[in-house]
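Participant: output the structure for:
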Amino acid sequence: MSKMSRRKFLEGSATAAAATTLAPLLSVHAQGFGVSQVPRLEMQPGGEFVEATVPDSLLLADRARLAVNGLTGTLDPEHGYEVYQLCSASGAYPYFTHENTGLPTINPKYAEALPMMRVMSGSTQNPDHDSEMMKVILSRIKRPGLYYVPPATETFRPWCQPKFGGASDWTANIYGNSRLLLACLVWRQYTGDPAWDDVINTLTGGLITTAVYKDDYAYYPDAAPRGGEPFSYAEPEWAHENEPVGDDEVSGESLFMYTGGEARALARVAAATGNEKALDLSGRICRFMMKPKFWGLEETSTREDVADEKDLANMAGAERGLWRGHTAGRLEALRGLIEYANVADDNRIKEFVRSAYAWMRNYGFARVGFYPVILGSPYGGGPCGASRGIALIIKLTESGTADYWEDVDQYVRNVLVGSQRLPQDCSEDQLALSASVPEIPADVRGLLGPGGEKGAASVPGSYTTDHVVQRHIGAFGHGCCTSNGSTGLYYAWEAAVRYTDPVATVNLLLNRASPWVDVDSYLPYEGKVVLHNKKAKKLSVRIPAWVATRKIRCRVNNNEATPFWVGRYLVFGALSPKDKVTITFPMVTEKATYTVSGTEYKCTFKGNTLVEIEPGGFGCRPDQGEKFKKDEAPMKQITRYVHPTVVEW
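Facilitator: This is a model prediction of the structure:
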């Protein structure tokens, strides 16, 4: 079967629906600024702030509040709220600088992360940054239903002019559009405004229109029309429609990175709206990503003298999801696969994803969520890998193929939160230097970003030194890392407590306020968790794997309780509002040695938290490690925020 015309495929289908919703979004001016109509851009009312005394342990809501500072602080209001992608908040000259990927792919990630952080924390810091950024983005949606970035000029994104490698046409990066579609699904829930449905339908129609259909699968070409990022579309057609044949994984420009997001976004649309065309295309993209040419280890079979290599080659690795290469890219693909599998009830794909994750887990330092940026490399993927891994295994657990909550807990408590820049990481000297807005000498400026002294980094407006240390607090590194790390916080926070009337389920023993039950976790100081019931009639609480179940003691209010077990879950029934459930157990301190890339690390864990490691690294912050070695949790007064709804992701 030959490749099917995109236009023909869509006759009488999603295009008609999308076309009717495009009109209010198509008033795109020369530089893309200005919009005639946008949906609601404010959080829906109803959230509640409550004073509470809680253990001074990990508070993901506090981390989200800091993340709002890092996310909004790395946006550039003078240039259409574009993300400063490259961030260096240390050294003699702290700076942020722009580069080509900001608007096309990183801004849509920020568009998803910011409302998530506000739902967690109730933060109202820089609220105009969210809404103004979204106005700019929405103003650039045009036919056939994609978000475009205009070509750079001497005054508009000058660091992305064609002479610096930027595109010379309006281009729509397909992965960026998938991330924007995911963001719009979040904004629909965040604001409660049905007007977002039009934007969602429009972007969905754009992805359906621009896909290339062949046999039972579909793909997006890796074209980079006249410069710019790969996998970018320029109206009226792709620069070419060739099927990607390989994967440039070493550079990070992985076809899986640029394709997995589309499968995930379309599956999420199908789950939220019942759009069968979206689900069909998601499945086609999954079948493309699962082609045997992209998986397996058969190339190692040429080493006749190495038995284990021959064994690997005989494992039918392409069927089992074995792989080598760019970790974040593969995780993005696996997230797309499992999202589709969960919506479509595809058990074969669930099995494939579970096997691929199990294979990856053998690399790096899985107990703390550390994975190399390239499998076999000594360099870590940081929050980008940890966040995607957290999301993947939560979805895998939801699929029913396995229980990975232990992995989630370990990844969150260590590499994820250990990657976030905290106020105590900034010295007084750094803060004072950054506040002085130092001018960077020309010979140093050439080192800031791509292009060198006479390249993009030398263009006025391409960088800033204005209070960047202060603005970077709460960030996770560069712009892409900050967006990914922030969403990782949300994935864990949301999944920690869930409610299906009349049952509240606590999957992670993390501090969490919710409309159904508030969780006070004393871990890792003490083996204790206190649950304040609000509306659940039944409570199901997962107990970590390191806890000896026979040593657990439970109380409901002042009375001893004997809940029953379902797997690792303790189940309490016949609860009333304001009941207090207390669960205690001995805290376990364990010493263990792990070898990563040839280096031996001596570790001390309290529960799932790494409190000491020699040599250092892997998210173990010395200040937090010493703090958590105490055997009694200090208490502190906080203001908790409880959002009225949960944003599904």
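Participant: how about stretch 494-511: buried residues?
Facilitator: Neighbour-count burial for stretch 494-511 flags 494-497, 499, 503-511 (criterion: 16 or more other CB atoms under 10 Å). Placement of C-beta: from N, CA and C, glycine included.
Participant: please enumerate the helices of the stretch 501-649 of the chain.
Facilitator: Secondary structure of the stretch 501-649 of the chain, counting by DSSP state H, counting those that start in this stretch: helices at 622-628.
Participant: find the nearest non-adjacent residue to Ala111, please.
Facilitator: Once flanking residues are discounted, Ala111 sits nearest to Ala183: 3.8 Å by CB to CB, 6 or more residues apart in numbering.
Participant: just checking, next helix/strand downstream of the strand or helix carrying the one you found?
Facilitator: Per DSSP states H and E, Ala183 falls inside helix 174-191. Using DSSP H and E, the helix or strand that directly follows helix 174-191 along the chain is helix 196-210.
Participant: return the list of helices and strands in contact with that next one.
Facilitator: helix 6-10, helix 14-22, strand 141-142, strand 146-147, helix 174-191, helix 255-273, helix 276-289 (3 or more CB pairs under 8 Å, 6 or more residues apart in numbering; DSSP states H and E).
Participant: ok, now with 7 Å
Facilitator: helix 6-10, helix 14-22, helix 174-191, helix 255-273, helix 276-289 (3 or more CB pairs under 7 Å, 6 or more residues apart in numbering; DSSP states H and E).
Participant: so which of the ones you listed is nearest Trp359?
Facilitator: helix 255-273 (14.6 Å; CB to CB).
Participant: may I have that closest one as PDB, with CA atoms only?
Facilitator: What follows is helix 255-273, C-alpha atoms only, in PDB (Å, rounded to 0.1, in the frame of the first residue of the first chain):
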ATOM      1  CA  LEU A 255      13.300  10.200  16.600                       C
ATOM      2  CA  PHE A 256      11.600   8.700  19.700                       C
ATOM      3  CA  MET A 257      11.900  12.000  21.400                       C
ATOM      4  CA  TYR A 258      10.200  13.700  18.500                       C
ATOM      5  CA  THR A 259       7.600  11.000  18.000                       C
ATOM      6  CA  GLY A 260       6.600   9.600  21.400                       C
ATOM      7  CA  GLY A 261       4.900  12.800  22.400                       C
ATOM      8  CA  GLU A 262       2.500  12.600  19.500                       C
ATOM      9  CA  ALA A 263       1.300   9.100  20.400                       C
ATOM     10  CA  ARG A 264       0.900  10.100  24.000                       C
ATOM     11  CA  ALA A 265      -1.000  13.400  23.300                       C
ATOM     12  CA  LEU A 266      -3.400  11.700  20.800                       C
ATOM     13  CA  ALA A 267      -4.100   8.900  23.300                       C
ATOM     14  CA  ARG A 268      -4.800  11.400  26.000                       C
ATOM     15  CA  VAL A 269      -7.200  13.300  23.700                       C
ATOM     16  CA  ALA A 270      -9.000  10.000  22.900                       C
ATOM     17  CA  ALA A 271      -9.300   9.200  26.600                       C
ATOM     18  CA  ALA A 272     -10.700  12.700  27.400                       C
ATOM     19  CA  THR A 273     -13.000  13.200  24.400                       C
END
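Participant: that older thread, I'd say the residue nearest to Ala111 and Leu114 touch.
Facilitator: No - with contact defined as CB atoms under 7 Å, Ala183 does not reach Leu114; the gap is 8.9 Å.
Participant: in terms of neighbours, single out the busier of the two.
Facilitator: Set Ala183 next to Leu114 and count neighbours by other CB atoms under 10 Å: Leu114 wins out with 29 against 26.
Participant: where's that one, which helix or strand?
Facilitator: helix 107-121.
Participant: beyond that helix, next helix or strand please.
Facilitator: helix 127-138.
Participant: other SSEs contacting that following helix?
Facilitator: Looks like helix 127-138 contacts helix 107-121 (3+ CB pairs under 7 Å, 6+ apart).
Participant: so where's the stretch 401-550 of the chain uncertain?
Facilitator: 443, 445-458 (pLDDT under 70).
Participant: mind listing the strands for it?
Facilitator: 463-464, 497-500, 503-506, 517-521, 528-533, 538-542 (DSSP state E, counting those that start in this stretch).
Participant: count of neighbours near the nearest residue to Glu276 once chain neighbours are set aside?
Facilitator: Nearest non-adjacent residue to Glu276, counting by CB to CB, 6+ apart: Ala270, 7.1 Å away. Number of residues near Ala270 (other CB under 10 Å) recorded here: 23.
Participant: over to Lys551?
Facilitator: What Lys551 shows, counting by other CB under 10 Å, is a neighbour count of 10.
Participant: surely Ser387 and Asn484 touch.
Facilitator: Yes - counting by CB under 7 Å, Ser387 touches Asn484, with 4.4 Å between them.
Participant: those two: which has the busier surroundings?
Facilitator: Ser387 (31 against 27).
Participant: let's verify the more buried one: helix, strand, or coil?
Facilitator: Here Ser387 is recorded as helix under DSSP: H, G, I helix; E, B strand; the rest coil.
Participant: please shift the residue numbers so they start at 85 in all later answers.
Facilitator: All set: I'll call the first residue 85, so the last point we hit is now Ser471.
Participant: what bits of the protein have low per-residue confidence?
Facilitator: Judged by pLDDT under 70, the stretches of the chain that qualify are 85-121, 311, 331-337, 382-399, 527, 529-542.
Participant: so what's the residue count around Glu710?
Facilitator: That count, for Glu710 with other CB under 10 Å as the rule, works out to 11.
Participant: go on, the one 4 residues further on?
Facilitator: When neighbours are counted by other CB under 10 Å, Lys714 registers 13.
Participant: tell me the spacing between it and Pro706.
Facilitator: 15 Å (CB to CB, to the nearest Å).
Participant: likewise Thr185?
Facilitator: 33 Å.
Participant: could you list the domains of this protein?
Facilitator: 90-506+561-577, 579-671 (automatic domain parsing).
Participant: deepest in the core, which of those domains is it.
Facilitator: Comparing the domains of the chain by mean neighbour count (mean count of other CB atoms under 10 Å), domain 90-506+561-577 ranks first with a mean of 21.
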